[in-house]
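Student: Below is the structure, and that's it, no one-letter string:
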């Protein structure tokens, strides 16, 4: 039989042989179940947050680049265009000039 952190046995039967758990053993099992439920909930919440962040990022990216499917370099191209347009506007020009 293995022993729990307080030295009690986990053989399934107490010393008296009645098969019932002591109050301390019931509490330990209750704590283990609560911990397991908490860990399960934590994993579920982590997955939901990850999905929500990913979907929000996709939406922001679509808004930024102006198209539904992202390809490598789209962000750089969009930034380049926006910066050049702003520099041209600040110089009172129609187009960007070096």
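Tutor: Now that the structure is in, tell me what you want to look at. What you are looking at is a predicted structure, and each value in this text was computed from that prediction instead of being measured.

Student: What is the subsequent helix or strand relative to the helix ranked longest in the chain?
Tutor: Selection of the longest helix in the chain by residue count, based on DSSP state H, yields helix 23-65. With elements assigned by DSSP states H and E, the helix or strand that comes after helix 23-65 is helix 74-90.

Student: now the longest helix of the chain and helix 74-90, what's the angle there?
Tutor: Taking axes from the mean of the first three to the mean of the last three C-alpha atoms, to 10 degrees, helix 23-65 and helix 74-90 form an angle of 50 degrees between their directions.

Student: And helix 23-65, how far out from the chain middle?
Tutor: The gap between the average C-alpha position of helix 23-65 and the chain average comes to 7 Å, counting by C-alpha atoms, centre = their mean, to the nearest Å.

Student: just checking, what packs against it?
Tutor: Using 3 or more C-beta pairs under 8 Å, 6 or more residues apart in numbering; DSSP states H and E as the contact criterion, the elements in contact with helix 23-65 are helix 74-90. C-beta: built from backbone N, CA, C; applies to glycine.
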